[in-house]
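A.B. asks: My questions are about this predicted structure, shown below with the sequence.
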There are 2 protein chains.
Amino acid sequence: MPNRSVFYVSDGTGITAETFGNSILAQFTAKPRHVRRPFIDSVEKANAVVDEINTTAEHEGKRPIVFLTLASVEIRAILTGETCKGMVMDMFQSFIEPLEIEFNLKSNHRVGRFSDAAKSQEYNDRIEAINFSLAHDDGQSSRNLQSADVILVGVSRSGKTPTSLYLAMQHGIKAANYPLIPEDFERGHLPSSLSPHKRKCFGLTIDPDRLQHIRNERRPGSKYASIENCRYEVNEAEVMMKRSGISWLSSTHKSIEEIATTILRDIRPDRLIY
Amino acid sequence: MPNRSVFYVSDGTGITAETFGNSILAQFTAKPRHVRRPFIDSVEKANAVVDEINTTAEHEGKRPIVFLTLASVEIRAILTGETCKGMVMDMFQSFIEPLEIEFNLKSNHRVGRFSDAAKSQEYNDRIEAINFSLAHDDGQSSRNLQSADVILVGVSRSGKTPTSLYLAMQHGIKAANYPLIPEDFERGHLPSSLSPHKRKCFGLTIDPDRLQHIRNERRPGSKYASIENCRYEVNEAEVMMKRSGISWLSSTHKSIEEIATTILRDIRPDRLIY
(Lines give C-alpha, C1' and ligand atoms only; values in the text may rest on other atoms or scores of the structure.)
Protein backbone atom coordinates (compact mmCIF):
# COMPACT_ATOMS: atom_id res chain seq x y z
CA MET A 1 0.00 0.00 0.00
CA PRO A 2 2.46 2.66 -1.04
CA ASN A 3 0.54 5.75 -2.13
CA ARG A 4 -1.92 5.43 0.70
CA SER A 5 -1.78 7.73 3.73
CA VAL A 6 -3.23 7.28 7.18
CA PHE A 7 -3.98 10.38 9.26
CA TYR A 8 -4.27 10.40 13.06
CA VAL A 9 -6.28 13.45 14.03
CA SER A 10 -6.94 14.34 17.65
CA ASP A 11 -7.65 17.33 19.86
CA GLY A 12 -5.27 15.75 22.38
CA THR A 13 -1.94 14.05 21.87
CA GLY A 14 -3.33 11.61 19.32
CA ILE A 15 -1.77 8.72 21.24
CA THR A 16 -5.05 6.85 21.56
CA ALA A 17 -5.84 7.23 17.87
CA GLU A 18 -2.37 6.08 16.93
CA THR A 19 -2.17 3.09 19.26
CA PHE A 20 -5.53 1.91 18.08
CA GLY A 21 -4.95 2.67 14.41
CA ASN A 22 -1.61 0.82 14.50
CA SER A 23 -3.19 -2.30 15.93
CA ILE A 24 -5.92 -2.18 13.30
CA LEU A 25 -3.43 -1.69 10.49
CA ALA A 26 -1.24 -4.51 11.82
CA GLN A 27 -4.03 -6.78 10.55
CA PHE A 28 -2.98 -5.90 7.01
CA THR A 29 0.35 -6.64 5.42
CA ALA A 30 0.54 -3.27 3.70
CA LYS A 31 2.55 -0.38 5.12
CA PRO A 32 0.84 2.95 4.53
CA ARG A 33 2.41 6.36 5.21
CA HIS A 34 1.47 7.74 8.64
CA VAL A 35 0.67 11.38 9.35
CA ARG A 36 0.12 12.58 12.92
CA ARG A 37 -1.93 15.69 13.57
CA PRO A 38 -2.24 16.21 17.34
CA PHE A 39 -3.81 19.17 19.20
CA ILE A 40 -6.43 19.96 16.54
CA ASP A 41 -8.55 22.05 18.85
CA SER A 42 -9.93 24.87 16.71
CA VAL A 43 -12.06 25.25 13.59
CA GLU A 44 -9.09 26.79 11.76
CA LYS A 45 -6.79 23.86 12.53
CA ALA A 46 -9.52 21.39 11.58
CA ASN A 47 -10.04 23.09 8.22
CA ALA A 48 -6.30 23.04 7.59
CA VAL A 49 -6.19 19.28 8.24
CA VAL A 50 -9.13 18.72 5.89
CA ASP A 51 -7.23 20.64 3.17
CA GLU A 52 -4.21 18.46 3.78
CA ILE A 53 -6.28 15.27 3.60
CA ASN A 54 -7.91 16.40 0.36
CA THR A 55 -4.60 17.36 -1.24
CA THR A 56 -3.23 13.94 -0.29
CA ALA A 57 -6.31 12.20 -1.73
CA GLU A 58 -5.84 14.01 -5.03
CA HIS A 59 -2.09 13.38 -5.10
CA GLU A 60 -2.34 9.67 -4.27
CA GLY A 61 -5.51 8.96 -6.20
CA LYS A 62 -6.93 7.13 -3.17
CA ARG A 63 -8.76 8.43 -0.18
CA PRO A 64 -6.61 8.57 2.97
CA ILE A 65 -7.73 6.66 6.06
CA VAL A 66 -8.43 9.06 8.94
CA PHE A 67 -8.49 7.83 12.55
CA LEU A 68 -10.29 10.42 14.66
CA THR A 69 -10.40 11.01 18.40
CA LEU A 70 -12.10 14.37 18.61
CA ALA A 71 -14.31 15.15 21.59
CA SER A 72 -15.65 18.48 20.31
CA VAL A 73 -18.85 18.11 18.30
CA GLU A 74 -18.12 21.22 16.27
CA ILE A 75 -14.61 20.20 15.25
CA ARG A 76 -15.63 16.62 14.60
CA ALA A 77 -18.33 17.83 12.20
CA ILE A 78 -15.64 19.43 10.04
CA LEU A 79 -13.69 16.19 9.68
CA THR A 80 -16.73 13.96 9.20
CA GLY A 81 -18.52 16.37 6.85
CA GLU A 82 -18.82 16.03 3.08
CA THR A 83 -15.92 18.36 2.37
CA CYS A 84 -13.42 15.88 3.79
CA LYS A 85 -12.37 13.33 1.17
CA GLY A 86 -10.84 10.87 3.67
CA MET A 87 -12.31 7.57 4.83
CA VAL A 88 -13.08 8.57 8.39
CA MET A 89 -12.86 6.06 11.25
CA ASP A 90 -14.51 8.02 14.03
CA MET A 91 -13.49 6.17 17.13
CA PHE A 92 -15.46 8.17 19.67
CA GLN A 93 -18.69 8.30 17.71
CA SER A 94 -18.79 4.56 17.13
CA PHE A 95 -18.68 3.77 20.82
CA ILE A 96 -19.77 6.82 22.78
CA GLU A 97 -23.31 7.11 21.48
CA PRO A 98 -24.24 3.52 22.35
CA LEU A 99 -22.72 4.05 25.80
CA GLU A 100 -24.73 7.21 26.42
CA ILE A 101 -27.85 5.14 25.88
CA GLU A 102 -26.58 2.25 28.01
CA PHE A 103 -25.51 4.48 30.91
CA ASN A 104 -28.42 6.84 30.46
CA LEU A 105 -25.87 9.60 30.85
CA LYS A 106 -24.69 12.37 28.54
CA SER A 107 -20.99 12.26 27.76
CA ASN A 108 -19.14 15.45 28.49
CA HIS A 109 -17.38 15.76 25.14
CA ARG A 110 -14.05 16.50 26.65
CA VAL A 111 -10.60 15.77 25.36
CA GLY A 112 -9.20 12.42 26.53
CA ARG A 113 -7.56 11.55 29.77
CA PHE A 114 -4.11 13.00 29.35
CA SER A 115 -4.91 16.65 30.16
CA ASP A 116 -6.75 15.85 33.33
CA ALA A 117 -4.26 13.18 34.22
CA ALA A 118 -1.54 15.65 35.16
CA LYS A 119 -3.35 16.61 38.33
CA SER A 120 -4.50 13.19 39.44
CA GLN A 121 -3.15 10.96 42.17
CA GLU A 122 -2.69 8.19 39.62
CA TYR A 123 -0.44 10.47 37.57
CA ASN A 124 1.62 11.47 40.59
CA ASP A 125 2.01 7.81 41.49
CA ARG A 126 3.36 7.13 38.01
CA ILE A 127 5.95 9.90 38.29
CA GLU A 128 6.97 8.67 41.73
CA ALA A 129 7.26 5.13 40.40
CA ILE A 130 9.53 6.33 37.55
CA ASN A 131 11.79 8.05 40.05
CA PHE A 132 11.85 4.95 42.24
CA SER A 133 12.66 2.64 39.33
CA LEU A 134 15.46 4.92 38.17
CA ALA A 135 17.00 5.10 41.64
CA HIS A 136 16.82 1.31 41.87
CA ASP A 137 18.04 0.47 38.38
CA ASP A 138 20.74 -2.17 38.06
CA GLY A 139 21.09 -2.77 41.80
CA GLN A 140 22.19 0.84 42.37
CA SER A 141 20.53 1.06 45.73
CA SER A 142 19.19 -1.38 48.31
CA ARG A 143 17.54 1.42 50.27
CA ASN A 144 13.77 1.28 50.44
CA LEU A 145 13.58 -2.05 48.69
CA GLN A 146 10.70 -2.74 51.05
CA SER A 147 8.63 -0.17 49.13
CA ALA A 148 9.24 -1.89 45.79
CA ASP A 149 6.22 -3.54 44.19
CA VAL A 150 8.49 -5.89 42.30
CA ILE A 151 12.23 -6.55 42.01
CA LEU A 152 13.33 -7.90 38.63
CA VAL A 153 16.39 -10.14 38.67
CA GLY A 154 18.40 -11.67 35.84
CA VAL A 155 21.73 -11.61 34.06
CA SER A 156 23.05 -8.43 32.48
CA ARG A 157 21.11 -7.50 29.30
CA SER A 158 18.15 -9.77 29.87
CA GLY A 159 15.71 -6.86 29.62
CA LYS A 160 15.35 -5.78 33.26
CA THR A 161 15.87 -2.05 32.82
CA PRO A 162 13.39 -1.29 30.01
CA THR A 163 10.80 -3.56 31.66
CA SER A 164 11.18 -1.80 35.04
CA LEU A 165 10.78 1.60 33.44
CA TYR A 166 7.78 0.46 31.44
CA LEU A 167 6.07 -0.97 34.52
CA ALA A 168 6.64 2.35 36.31
CA MET A 169 5.60 4.56 33.43
CA GLN A 170 2.51 2.69 32.26
CA HIS A 171 1.30 1.08 35.46
CA GLY A 172 2.72 3.17 38.31
CA ILE A 173 4.52 0.06 39.61
CA LYS A 174 7.65 0.66 41.69
CA ALA A 175 9.96 -1.76 39.92
CA ALA A 176 13.51 -2.18 41.17
CA ASN A 177 15.97 -4.33 39.27
CA TYR A 178 19.01 -6.27 40.37
CA PRO A 179 21.60 -7.97 38.18
CA LEU A 180 22.71 -11.54 38.86
CA ILE A 181 26.46 -11.51 38.30
CA PRO A 182 29.29 -14.09 38.28
CA GLU A 183 30.11 -13.26 41.93
CA ASP A 184 26.60 -14.31 42.92
CA PHE A 185 26.98 -17.59 41.04
CA GLU A 186 30.30 -18.30 42.78
CA ARG A 187 28.79 -17.60 46.18
CA GLY A 188 25.84 -19.75 45.12
CA HIS A 189 23.09 -17.54 46.50
CA LEU A 190 21.06 -14.44 45.70
CA PRO A 191 22.56 -11.03 46.56
CA SER A 192 22.02 -10.75 50.31
CA SER A 193 20.04 -7.51 50.09
CA LEU A 194 17.39 -9.44 48.16
CA SER A 195 16.88 -12.24 50.71
CA PRO A 196 14.24 -10.42 52.78
CA HIS A 197 12.34 -9.59 49.58
CA LYS A 198 12.34 -12.93 47.78
CA ARG A 199 8.59 -12.98 47.45
CA LYS A 200 8.68 -9.76 45.42
CA CYS A 201 11.37 -10.99 43.04
CA PHE A 202 10.57 -11.91 39.47
CA GLY A 203 13.18 -13.30 37.10
CA LEU A 204 13.94 -12.61 33.46
CA THR A 205 15.91 -15.14 31.50
CA ILE A 206 16.97 -15.12 27.87
CA ASP A 207 18.19 -17.50 25.22
CA PRO A 208 22.03 -17.60 25.35
CA ASP A 209 22.37 -17.08 21.58
CA ARG A 210 20.23 -13.98 21.71
CA LEU A 211 22.13 -12.75 24.77
CA GLN A 212 25.44 -13.22 22.98
CA HIS A 213 24.13 -11.14 20.09
CA ILE A 214 22.98 -8.30 22.36
CA ARG A 215 26.16 -8.27 24.46
CA ASN A 216 28.34 -8.42 21.39
CA GLU A 217 26.88 -5.16 20.13
CA ARG A 218 27.91 -3.58 23.41
CA ARG A 219 31.31 -5.17 23.92
CA PRO A 220 32.38 -6.91 20.71
CA GLY A 221 34.67 -9.92 21.15
CA SER A 222 34.73 -9.73 24.96
CA LYS A 223 34.59 -12.70 27.32
CA TYR A 224 31.41 -11.08 28.67
CA ALA A 225 29.79 -11.54 25.24
CA SER A 226 31.19 -15.01 24.44
CA ILE A 227 28.67 -17.78 23.90
CA GLU A 228 30.33 -19.95 26.58
CA ASN A 229 29.98 -17.21 29.16
CA CYS A 230 26.41 -16.41 28.13
CA ARG A 231 25.46 -20.09 28.45
CA TYR A 232 27.17 -20.30 31.83
CA GLU A 233 25.49 -17.19 33.25
CA VAL A 234 22.01 -18.03 31.95
CA ASN A 235 22.23 -21.56 33.30
CA GLU A 236 23.50 -20.46 36.71
CA ALA A 237 20.84 -17.77 36.95
CA GLU A 238 18.06 -20.23 36.13
CA VAL A 239 19.37 -22.72 38.72
CA MET A 240 19.54 -19.97 41.32
CA MET A 241 16.02 -18.70 40.58
CA LYS A 242 14.63 -22.22 40.67
CA ARG A 243 16.31 -22.92 44.01
CA SER A 244 15.01 -19.66 45.45
CA GLY A 245 11.46 -20.31 44.27
CA ILE A 246 11.40 -17.20 42.04
CA SER A 247 9.03 -17.23 39.06
CA TRP A 248 10.58 -16.21 35.80
CA LEU A 249 9.92 -15.87 32.11
CA SER A 250 12.06 -15.71 29.02
CA SER A 251 12.34 -12.30 27.38
CA THR A 252 13.77 -13.74 24.14
CA HIS A 253 10.66 -13.48 21.98
CA LYS A 254 8.69 -10.95 24.01
CA SER A 255 8.34 -7.20 23.80
CA ILE A 256 8.55 -5.14 26.98
CA GLU A 257 4.77 -4.65 26.79
CA GLU A 258 4.22 -8.40 26.91
CA ILE A 259 6.80 -9.00 29.62
CA ALA A 260 5.25 -6.27 31.76
CA THR A 261 1.70 -7.56 31.35
CA THR A 262 2.80 -11.09 32.26
CA ILE A 263 4.67 -9.91 35.37
CA LEU A 264 1.70 -7.85 36.48
CA ARG A 265 -0.58 -10.84 36.15
CA ASP A 266 1.80 -13.01 38.11
CA ILE A 267 2.91 -10.84 40.99
CA ARG A 268 0.05 -8.45 41.39
CA PRO A 269 -3.13 -10.15 40.22
CA ASP A 270 -5.01 -7.45 42.14
CA ARG A 271 -3.69 -4.97 39.60
CA LEU A 272 -5.74 -6.73 36.98
CA ILE A 273 -8.77 -5.33 38.73
CA TYR A 274 -8.36 -1.73 39.79
CA MET B 1 -21.51 4.16 38.20
CA PRO B 2 -20.58 1.96 41.11
CA ASN B 3 -21.89 -1.55 40.44
CA ARG B 4 -20.84 -1.44 36.82
CA SER B 5 -17.81 -3.30 35.54
CA VAL B 6 -15.77 -2.78 32.42
CA PHE B 7 -13.81 -5.72 31.00
CA TYR B 8 -10.81 -5.40 28.72
CA VAL B 9 -10.43 -8.66 26.83
CA SER B 10 -7.58 -9.27 24.42
CA ASP B 11 -5.52 -12.07 22.94
CA GLY B 12 -2.50 -9.81 23.37
CA THR B 13 -1.53 -7.54 26.23
CA GLY B 14 -4.86 -5.71 26.20
CA ILE B 15 -3.01 -2.39 26.15
CA THR B 16 -4.81 -1.16 23.05
CA ALA B 17 -8.22 -2.09 24.46
CA GLU B 18 -7.44 -0.39 27.72
CA THR B 19 -5.97 2.80 26.30
CA PHE B 20 -8.92 3.18 24.02
CA GLY B 21 -11.54 2.16 26.60
CA ASN B 22 -10.09 4.62 29.11
CA SER B 23 -10.33 7.49 26.69
CA ILE B 24 -13.91 6.56 25.84
CA LEU B 25 -14.88 6.27 29.50
CA ALA B 26 -13.18 9.58 30.30
CA GLN B 27 -16.10 11.12 28.42
CA PHE B 28 -18.35 10.10 31.31
CA THR B 29 -18.09 11.32 34.88
CA ALA B 30 -18.77 7.88 36.33
CA LYS B 31 -15.98 5.58 37.51
CA PRO B 32 -16.71 1.93 36.77
CA ARG B 33 -14.68 -1.00 38.09
CA HIS B 34 -12.03 -2.17 35.60
CA VAL B 35 -11.15 -5.79 34.94
CA ARG B 36 -8.21 -6.69 32.68
CA ARG B 37 -8.13 -10.05 30.95
CA PRO B 38 -5.04 -10.22 28.71
CA PHE B 39 -3.74 -13.21 26.69
CA ILE B 40 -7.17 -14.77 26.05
CA ASP B 41 -5.93 -16.97 23.23
CA SER B 42 -7.86 -20.23 23.56
CA VAL B 43 -11.49 -21.34 23.52
CA GLU B 44 -11.20 -22.45 27.16
CA LYS B 45 -9.93 -19.09 28.33
CA ALA B 46 -12.61 -17.31 26.31
CA ASN B 47 -15.35 -19.42 27.88
CA ALA B 48 -13.96 -18.70 31.35
CA VAL B 49 -14.08 -14.95 30.67
CA VAL B 50 -17.67 -15.22 29.44
CA ASP B 51 -18.58 -17.02 32.69
CA GLU B 52 -16.94 -14.24 34.65
CA ILE B 53 -18.78 -11.56 32.68
CA ASN B 54 -22.11 -13.33 33.19
CA THR B 55 -21.55 -13.79 36.94
CA THR B 56 -20.70 -10.09 37.19
CA ALA B 57 -23.82 -9.16 35.22
CA GLU B 58 -25.98 -11.14 37.59
CA HIS B 59 -24.24 -9.81 40.68
CA GLU B 60 -24.38 -6.16 39.62
CA GLY B 61 -27.77 -6.31 37.96
CA LYS B 62 -26.33 -4.45 34.94
CA ARG B 63 -24.54 -5.78 31.93
CA PRO B 64 -20.77 -5.16 32.03
CA ILE B 65 -19.14 -3.18 29.22
CA VAL B 66 -16.64 -5.34 27.33
CA PHE B 67 -13.91 -3.76 25.18
CA LEU B 68 -12.57 -6.41 22.81
CA THR B 69 -9.41 -6.61 20.76
CA LEU B 70 -9.45 -10.19 19.56
CA ALA B 71 -7.97 -11.07 16.21
CA SER B 72 -9.06 -14.73 16.14
CA VAL B 73 -12.47 -15.19 14.53
CA GLU B 74 -13.19 -18.31 16.58
CA ILE B 75 -12.42 -16.75 19.95
CA ARG B 76 -14.18 -13.53 19.07
CA ALA B 77 -17.35 -15.49 18.25
CA ILE B 78 -17.46 -16.75 21.85
CA LEU B 79 -17.38 -13.25 23.30
CA THR B 80 -19.77 -11.73 20.81
CA GLY B 81 -22.20 -14.68 20.85
CA GLU B 82 -25.55 -14.79 22.59
CA THR B 83 -24.20 -16.58 25.66
CA CYS B 84 -22.20 -13.52 26.69
CA LYS B 85 -24.32 -11.11 28.71
CA GLY B 86 -21.95 -8.14 28.39
CA MET B 87 -22.36 -5.09 26.17
CA VAL B 88 -19.60 -5.83 23.70
CA MET B 89 -17.60 -3.04 22.07
CA ASP B 90 -15.76 -4.95 19.39
CA MET B 91 -12.99 -2.63 18.35
CA PHE B 92 -11.53 -4.69 15.54
CA GLN B 93 -14.81 -5.67 13.93
CA SER B 94 -16.07 -2.10 13.77
CA PHE B 95 -13.10 -0.94 11.75
CA ILE B 96 -11.43 -3.90 10.11
CA GLU B 97 -14.30 -5.02 7.90
CA PRO B 98 -14.76 -1.61 6.27
CA LEU B 99 -10.99 -1.45 5.72
CA GLU B 100 -10.90 -4.86 4.04
CA ILE B 101 -13.37 -3.50 1.50
CA GLU B 102 -11.48 -0.21 1.12
CA PHE B 103 -8.07 -1.84 0.66
CA ASN B 104 -9.51 -4.77 -1.29
CA LEU B 105 -7.31 -6.94 0.94
CA LYS B 106 -8.10 -9.63 3.48
CA SER B 107 -6.86 -8.90 6.97
CA ASN B 108 -4.67 -11.58 8.48
CA HIS B 109 -6.51 -11.87 11.81
CA ARG B 110 -3.36 -11.76 13.82
CA VAL B 111 -2.79 -10.51 17.31
CA GLY B 112 -1.75 -6.85 17.46
CA ARG B 113 1.63 -5.37 16.96
CA PHE B 114 3.39 -6.15 20.23
CA SER B 115 4.37 -9.76 19.51
CA ASP B 116 5.89 -9.01 16.16
CA ALA B 117 7.41 -5.83 17.47
CA ALA B 118 10.09 -7.62 19.48
CA LYS B 119 11.96 -8.57 16.34
CA SER B 120 11.60 -5.33 14.42
CA GLN B 121 14.12 -2.59 13.82
CA GLU B 122 11.70 -0.10 15.29
CA TYR B 123 11.61 -2.09 18.51
CA ASN B 124 15.39 -2.34 18.71
CA ASP B 125 15.61 1.41 18.15
CA ARG B 126 13.29 1.95 21.11
CA ILE B 127 15.41 -0.22 23.39
CA GLU B 128 18.56 1.56 22.24
CA ALA B 129 16.91 4.92 22.83
CA ILE B 130 15.95 3.89 26.39
CA ASN B 131 19.55 2.92 27.10
CA PHE B 132 20.79 6.20 25.63
CA SER B 133 18.34 8.28 27.64
CA LEU B 134 19.26 6.49 30.86
CA ALA B 135 22.98 6.99 30.25
CA HIS B 136 22.34 10.68 29.57
CA ASP B 137 19.92 11.35 32.40
CA ASP B 138 20.53 14.43 34.53
CA GLY B 139 23.69 15.48 32.73
CA GLN B 140 25.45 12.23 33.71
CA SER B 141 27.42 12.06 30.53
CA SER B 142 28.42 14.44 27.75
CA ARG B 143 29.69 11.59 25.60
CA ASN B 144 27.87 11.01 22.35
CA LEU B 145 25.67 14.05 22.80
CA GLN B 146 26.03 14.40 19.05
CA SER B 147 23.84 11.30 18.64
CA ALA B 148 21.06 12.73 20.80
CA ASP B 149 17.83 13.57 18.97
CA VAL B 150 16.97 16.12 21.63
CA ILE B 151 18.54 17.46 24.84
CA LEU B 152 16.04 18.63 27.44
CA VAL B 153 17.22 21.41 29.71
CA GLY B 154 15.61 22.99 32.77
CA VAL B 155 15.87 23.41 36.53
CA SER B 156 15.85 20.39 38.82
CA ARG B 157 12.39 18.74 39.04
CA SER B 158 10.90 20.45 36.00
CA GLY B 159 9.98 17.11 34.43
CA LYS B 160 13.02 16.38 32.26
CA THR B 161 13.65 12.79 33.34
CA PRO B 162 10.19 11.26 32.88
CA THR B 163 9.78 13.16 29.60
CA SER B 164 13.12 11.88 28.26
CA LEU B 165 12.26 8.30 29.15
CA TYR B 166 8.81 8.62 27.64
CA LEU B 167 10.22 10.01 24.38
CA ALA B 168 12.63 7.08 24.24
CA MET B 169 10.14 4.40 25.17
CA GLN B 170 7.20 5.51 23.04
CA HIS B 171 8.90 7.16 20.12
CA GLY B 172 12.44 5.72 19.99
CA ILE B 173 13.84 9.24 20.43
CA LYS B 174 17.30 9.50 21.97
CA ALA B 175 16.57 12.13 24.59
CA ALA B 176 19.38 13.35 26.83
CA ASN B 177 18.64 15.73 29.68
CA TYR B 178 20.76 18.33 31.38
CA PRO B 179 19.94 20.24 34.55
CA LEU B 180 20.38 24.02 34.73
CA ILE B 181 21.85 24.66 38.16
CA PRO B 182 22.80 27.74 40.24
CA GLU B 183 26.43 27.48 39.05
CA ASP B 184 25.23 27.92 35.46
CA PHE B 185 23.21 30.99 36.45
CA GLU B 186 26.24 32.55 38.19
CA ARG B 187 28.42 31.92 35.17
CA GLY B 188 25.60 33.32 33.05
CA HIS B 189 25.75 30.79 30.26
CA LEU B 190 24.64 27.26 29.34
CA PRO B 191 26.80 24.32 30.48
CA SER B 192 29.71 24.36 28.03
CA SER B 193 29.13 20.79 26.84
CA LEU B 194 25.77 21.94 25.47
CA SER B 195 27.09 24.84 23.35
CA PRO B 196 27.80 22.76 20.24
CA HIS B 197 24.30 21.24 20.48
CA LYS B 198 22.17 24.31 21.11
CA ARG B 199 19.92 23.58 18.16
CA LYS B 200 18.90 20.26 19.68
CA CYS B 201 18.08 21.72 23.09
CA PHE B 202 14.52 22.07 24.26
CA GLY B 203 13.63 23.71 27.58
CA LEU B 204 11.13 22.78 30.25
CA THR B 205 10.01 25.43 32.68
CA ILE B 206 7.56 25.22 35.55
CA ASP B 207 5.51 27.49 37.74
CA PRO B 208 7.61 28.35 40.86
CA ASP B 209 4.72 27.52 43.25
CA ARG B 210 4.34 24.08 41.73
CA LEU B 211 8.11 23.59 41.77
CA GLN B 212 8.25 24.51 45.46
CA HIS B 213 5.56 21.92 46.16
CA ILE B 214 7.42 19.16 44.28
CA ARG B 215 10.82 19.98 45.77
CA ASN B 216 9.35 20.22 49.26
CA GLU B 217 8.19 16.62 49.08
CA ARG B 218 11.76 15.64 48.33
CA ARG B 219 13.66 17.91 50.71
CA PRO B 220 11.18 19.48 53.12
CA GLY B 221 12.14 22.90 54.49
CA SER B 222 15.37 23.13 52.47
CA LYS B 223 16.69 26.26 50.79
CA TYR B 224 16.49 24.20 47.56
CA ALA B 225 12.71 23.95 48.00
CA SER B 226 12.08 27.52 49.24
CA ILE B 227 9.79 29.67 47.14
CA GLU B 228 12.46 32.40 46.85
CA ASN B 229 14.97 29.93 45.44
CA CYS B 230 12.41 28.35 43.11
CA ARG B 231 11.46 31.78 41.76
CA TYR B 232 15.12 32.69 41.32
CA GLU B 233 16.05 29.48 39.48
CA VAL B 234 13.01 29.47 37.21
CA ASN B 235 13.53 33.10 36.27
CA GLU B 236 17.25 32.65 35.60
CA ALA B 237 16.60 29.52 33.53
CA GLU B 238 14.01 31.29 31.40
CA VAL B 239 16.33 34.26 30.82
CA MET B 240 19.12 31.88 29.84
CA MET B 241 16.94 29.87 27.45
CA LYS B 242 15.59 33.04 25.86
CA ARG B 243 19.10 34.41 25.38
CA SER B 244 20.27 31.14 23.85
CA GLY B 245 17.32 30.95 21.49
CA ILE B 246 16.06 27.69 22.97
CA SER B 247 12.33 26.91 22.63
CA TRP B 248 10.63 25.90 25.81
CA LEU B 249 7.27 25.02 27.30
CA SER B 250 5.85 24.96 30.80
CA SER B 251 5.29 21.51 32.27
CA THR B 252 3.06 22.85 35.06
CA HIS B 253 -0.30 21.77 33.69
CA LYS B 254 0.86 19.14 31.21
CA SER B 255 1.23 15.38 31.43
CA ILE B 256 4.39 13.75 30.11
CA GLU B 257 2.38 12.51 27.11
CA GLU B 258 1.45 16.08 26.19
CA ILE B 259 4.93 17.46 26.80
CA ALA B 260 6.44 14.71 24.64
CA THR B 261 4.00 15.25 21.78
CA THR B 262 4.65 19.00 21.83
CA ILE B 263 8.42 18.54 21.81
CA LEU B 264 8.20 16.07 18.94
CA ARG B 265 6.17 18.53 16.93
CA ASP B 266 8.60 21.32 17.60
CA ILE B 267 11.99 19.71 17.18
CA ARG B 268 11.30 16.86 14.84
CA PRO B 269 8.38 17.80 12.66
CA ASP B 270 9.52 15.01 10.33
CA ARG B 271 8.60 12.56 13.07
CA LEU B 272 5.00 13.56 12.62
CA ILE B 273 5.17 11.79 9.30
CA TYR B 274 6.96 8.49 9.47
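C.D. replies: Cool, the structure landed.
A.B. asks: following the lowest-mean-pLDDT helix or strand in chain A, which helix or strand comes up?
C.D. replies: Every helix and strand of chain A was ranked by mean pLDDT, DSSP states H and E. The lowest is helix A:113-117, at a mean of 48. Proceeding N to C from helix A:113-117, the next assigned helix or strand is helix A:121-135, under DSSP states H and E.
A.B. asks: name the helices or strands packed onto that following helix?
C.D. replies: Counting contacts by 3 or more C-beta pairs under 8 Å, 6 or more residues apart in numbering or on different chains; DSSP states H and E, helix A:121-135 packs against helix A:160-171, strand A:175-179, helix B:160-171. The way it works is simple: take the backbone N, C-alpha and C, and place the C-beta from them, glycine included.
A.B. asks: ok so A:Leu204 is a strand residue?
C.D. replies: Yes. Using DSSP: H, G, I helix; E, B strand; the rest coil, the assignment for A:Leu204 is a strand.
A.B. asks: any idea how far chain B is from the residue nearest to it when sequence neighbours are not counted?
C.D. replies: Distances taken as C-beta to C-beta, 6 or more residues apart in numbering or on different chains place A:Gly154 nearest to A:Leu204, at 3.8 Å, with adjacent residues excluded. Distance, A:Gly154 to chain B, by C-beta to the nearest C-beta, to the nearest Å: 15 Å.
A.B. asks: who does A:Gly154 bridge with?
C.D. replies: A:Pro179 (DSSP bridges).
A.B. asks: Give the burial count for it, as a bare number.
C.D. replies: 29 (other C-beta atoms under 10 Å in any protein chain shown).
A.B. asks: Report the contact partners of it.
C.D. replies: A:160, A:179-180, A:203-206, A:237, A:248, A:251 (C-beta atoms under 8 Å, 6 or more residues apart in numbering or on different chains).
A.B. asks: now with 6 Å?
C.D. replies: A:160, A:203-204 (C-beta atoms under 6 Å, 6 or more residues apart in numbering or on different chains).
A.B. asks: how much space is there between it and B:Pro98?
C.D. replies: 44 Å (C-beta to C-beta, to the nearest Å).
A.B. asks: now A:Thr83
C.D. replies: For A:Thr83, the distance to B:Pro98 - C-beta to C-beta - is 20 Å.
A.B. asks: Could you do A:Phe132 as well?
C.D. replies: Applying C-beta to C-beta to A:Phe132 and B:Pro98 gives a distance of 45 Å.
A.B. asks: quick one, which of these two is more surrounded?
C.D. replies: More crowded of A:Phe132 and B:Pro98, by other C-beta under 10 Å: A:Phe132, with 21 against 13.
A.B. asks: now the more buried one, nearest residue through space, not along the chain?
C.D. replies: Excluding its sequence neighbours, the residue lying closest to A:Phe132 (C-beta to C-beta, 6+ apart) is A:Lys174, at 4.3 Å.
A.B. asks: and that neighbour, how many neighbours?
C.D. replies: Using other C-beta under 10 Å: A:Lys174 sits among 24 other residues.
A.B. asks: what residue ranges in the stretch 151-274 of chain A score low on pLDDT?
C.D. replies: A:267-274 (pLDDT under 70).
A.B. asks: Run through the helices of it in chain order.
C.D. replies: With helices called from DSSP state H, counting those that start in this stretch, the stretch 151-274 of chain A shows them at A:160-171, A:182-187, A:208-218, A:227-244, A:256-267.
A.B. asks: can I get these in CSV with mean neighbour count?
C.D. replies: CSV is the format used below for the helices of the stretch 151-274 of chain A (neighbours: other C-beta atoms under 10 Å in any protein chain shown):
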stretch, mean neighbour count
helix A:160-171, 25
helix A:182-187, 13
helix A:208-218, 17
helix A:227-244, 17
helix A:256-267, 22
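A.B. asks: Can I get these in a markdown table including distance to B:Thr29?
C.D. replies: Shown next, in a markdown table, are the helices of the stretch 151-274 of chain A (distance: least, C-beta to C-beta, whole Å):
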| stretch | distance to B:Thr29 |
| --- | --- |
| helix A:160-171 | 24 |
| helix A:182-187 | 52 |
| helix A:208-218 | 47 |
| helix A:227-244 | 46 |
| helix A:256-267 | 28 |
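A.B. asks: mind putting those in JSON lines, distance to chain B included?
C.D. replies: Formatted as JSON lines, the helices of the stretch 151-274 of chain A follow (distance: least, C-beta to the nearest C-beta, whole Å):
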{"stretch": "helix A:160-171", "distance to chain B": "5"}
{"stretch": "helix A:182-187", "distance to chain B": "22"}
{"stretch": "helix A:208-218", "distance to chain B": "9"}
{"stretch": "helix A:227-244", "distance to chain B": "18"}
{"stretch": "helix A:256-267", "distance to chain B": "4"}
